[in-house]
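>>> can't give you the sequence, but here's the structure:
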């Protein structure tokens, strides 16, 4: 570049970017100040020409790493002046930057709007390389919106141009991005296929940075699949290259990813405390390595994420003072960056920590802090529709309000949490295996246990809450029993090519929704597509229609299916949570409860029955299934044993015959009871339970066992015969 042809202003901009001190006039050194302040001084006196546009563009870029809102102000100033001067290059910079800022804010429609304007100018200029870049950026937005077909469409447009131009760098970038889409979709084999295509080109053109990126992405796929040794192998390949290149950003990313593996392994290993602590310490070691590099490069966004990761590990270790220290460091940065999702998530982490402290220290101050941060988290999460953060906030608030005996507020947040859990189940259960269903439930069971414990305490003052418990129990039992294999086989064997195609599309969309939902990302547009497909499938497949019916069964429908002298009983068992002694930990008591619905019920009756240990004491007295064992539990004609009756059925009899009196008026016919057992009650023969000498439950009731009382409901709402 010939510096003699440049204006003084242009030279200043270039030198500022290079970090070189600048002397103006009487020898004042302005670059010794903050470079941003120097740039502001420059534009304050600059003429409105293309050089001022360039300076504004530099300020825009500088603020992108410091404050997105300020960056947006300078980007709009850049655009305004570039338009005034008809300076298309400046307009391109502005549209590109405005799009980037809106993208970081998750305002994807505005990002698309600006990048489409950028694309239009590049098409006018016949700038094919620029067009390819625009297609690529537009693809990135569609990927983040979950519009995966659209994303691949634009990546392929970009790829086509790069192939025409023989732009191998661009081609490898497109392959990599298509791999990212397939990874988001859970199509890991296809993801690796495209990452390897990208890697091959990177190796051909000796693009070591690109090779490192490919290794890193392949490592992430193995991490998602739970293949941790493989993941570390590829992370280390990436790290080796980054160390050779002294690429601190890349090195930090690798260290962070390796830290994530150790953290996840520590979270899952709750059996070996020494090993678990060692894994957590390893995780912190790698997070600190990443943090130091991000501090050196000034990468504020990733510094805040490192702080969060370190805080989470300390939180798991019970080192709450250290955890809060790192959470607050992260929060300070995220507030400066305007990262709303990050702010909401961090508030949630702080709220959770204060709940733990309130439990261990019995401190009202920590409860107040928990409420403060959880409410802040919920407000921001709702603004940006970040579902995962909304779930966490509702979980924190429900437990905290319950601990404060503010039961109405607790119920409000519990209901919101359970509603999101139910939605999460339905999003995942359409495509995961039966074993995966059980594993999935294990991750969210605690929410239902807490809700059931809360309902048991407040069922008399808020009787409608028992209806929610009944609905949850029926739906979850039904979904665990409903085989996805049967549904898939029914669709496949229909030989209806359109039905099969729609079903496959629906499964793919549900996977995408579940993945985005788990990341707290907006799923509205994909859910609309999935719902449209679902409507078609319900109309055209009986098996699929049955799957939907299971999801929608309620206690009112069960009640409609009952006759006057019938009752439905759902048994459930759960670890009991007592908020007076703990806001976070369950007792050692596993509570068995009966939910009873009759024709006269205003709401299901929720009867606490017994602790699991009490039943174990009865059925565990004898071994095997021999004659003496059976007589010992159920008694015999000459020697009654009413232990089971007193433990399990006496409270139910009392409710049916005294509180409601529903069966006492029907002495001409034996009442019918539909019973759905739970836990150890599956081992009990209800009909054989002895009430008194020579009187068994089968003498008083017609008892019909059901896997779920939802089974008595048909599409017409009548009991099956």
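Perfect, I can see it now. Predicted, not measured: the structure shown is a model, and the values here were computed from it. Numbers count the residues shown, from 1 in each chain.
>>> What is the burial count for residue 414?
Neighbour count of residue 414, defined by other C-beta atoms under 10 Å: 26. For glycine as for every other residue, the C-beta is placed from the backbone atoms N, C-alpha and C.
>>> Confirm it sits in a helix?
Yes: secondary structure of residue 414 (DSSP: H, G, I helix; E, B strand; the rest coil): part of a helix.
>>> Can you tell me how far it is from residue 563?
Residue 414 is 34 Å from residue 563, where distance means C-beta to C-beta, to the nearest Å.
>>> Assumed residue 673 was part of a helix.
No: assignment of residue 673 by three-state DSSP gives strand, placing it outside any helix.
>>> That one against residue 704, yeah?
Yes: between residue 673 and residue 704 there is a contact at 7.2 Å, judged by C-beta atoms under 8 Å.
>>> and these two? which has more neighbours close in?
Set residue 673 next to residue 704 and count neighbours by other C-beta under 10 Å: residue 673 wins out with 24 against 18.
>>> which residues touch the more buried one?
566, 567, 568, 569, 701, 702, 703, 704 (C-beta atoms under 8 Å, 6 or more residues apart in numbering).
>>> try residue 237
Listed by C-beta under 8 Å, 6+ apart, the contact partners of residue 237 are 212, 215, 219.
>>> In JSON lines: those, plus secondary structure.
JSON lines is the format used below for the contacts of residue 237 (three-state DSSP):
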{"residue": "212", "secondary structure": "helix"}
{"residue": "215", "secondary structure": "helix"}
{"residue": "219", "secondary structure": "helix"}
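>>> neighbour-wise, which of those residues leads?
Counting neighbours by other C-beta under 10 Å, residue 219 leads those with 27 neighbours.
>>> re earlier: now the contacts of residue 237 as TSV including distance to residue 690 and pLDDT?
Output for the contacts of residue 237, formatted as TSV (distance: C-beta to C-beta, whole Å; pLDDT from 0 to 100):
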residue	distance to residue 690	pLDDT
212	73	95
215	69	96
219	63	95
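>>> Which of those residues sits closest to residue 187?
residue 219 (17.2 Å; C-beta to C-beta).
>>> Just give me the closest of the contacts of residue 673 to residue 229.
Nearest to residue 229 among those is residue 569, at 49.3 Å by C-beta to C-beta.
>>> Listing partners with orientation, what would you give for the strand or helix carrying the closest one?
Using DSSP states H and E, residue 569 sits within strand 566-575. Paired strands of strand 566-575, with direction, are strand 590-598 (antiparallel), strand 672-676 (parallel) (DSSP bridges).
>>> average pLDDT across it?
On average, the pLDDT along strand 566-575 is 93.
>>> Run the chain-centre distance for that strand.
30 Å (C-alpha atoms, centre = their mean, to the nearest Å).
>>> same check, this time on stretch 689-707
Stretch 689-707 has its C-alpha centroid displaced from the chain centroid by 45 Å (C-alpha atoms, centre = their mean).
>>> Then stretch 82-97?
39 Å.
>>> Need the residues that contact it.
With contacts defined as C-beta under 8 Å, 6+ apart, stretch 82-97 is touched by 48-50, 53-54, 57, 60-61, 64, 71, 75-76, 78-79, 81, 114-115, 117-118, 121-122, 125, 130, 137.
>>> Filter these down to the buried ones, PyMOL style.
Restricted to buried positions by 16 or more other C-beta atoms under 10 Å, the PyMOL selection for these reads:
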select buried, resi 50+53+54+57+60+61+64+71+75+76+78+79+81+114+115+117+118+121+122+130+137
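>>> Now intersect the contacts of stretch 82-97 with the strands, please.
Counting by DSSP state E, no part of the contacts of stretch 82-97 is found in strands.
>>> buried sites along stretch 265-277?
Quick answer for stretch 265-277 (16+ other C-beta under 10 Å): 265, 266, 276.
>>> in terms of contact, does the second one touch residue 316 like I think?
Yes: between residue 266 and residue 316 there is a contact under C-beta under 8 Å: 7.0 Å.
>>> hey, what's in contact with both of these two?
residue 280.
>>> Any stretches of the stretch 201-350 of the chain with poor pLDDT?
269-271 (pLDDT under 70).
>>> What about residue 318, how many residues nearby?
Neighbour tally, residue 318, other C-beta under 10 Å: 10.
>>> May I have the phi/psi pair for it?
phi 80, psi 10 (degrees, to the nearest 10).
>>> And residue 162, how far from residue 133?
Applying C-beta to C-beta, the value for residue 162 to residue 133 is 10 Å.
>>> what's the answer for residue 423, then?
Shown here: residue 423 relative to residue 133, a distance of 38 Å by C-beta to C-beta.
>>> Have a look at the two and say which one is more surrounded.
residue 133 (21 against 16).
>>> For the more buried one, which non-adjacent residue is closest in space?
residue 158 (7.6 Å; C-beta to C-beta, 6 or more residues apart in numbering).
>>> wait, isn't that neighbour in contact with residue 130?
No: Residue 158 is not in contact with residue 130 according to C-beta under 8 Å; the separation is 11.0 Å.
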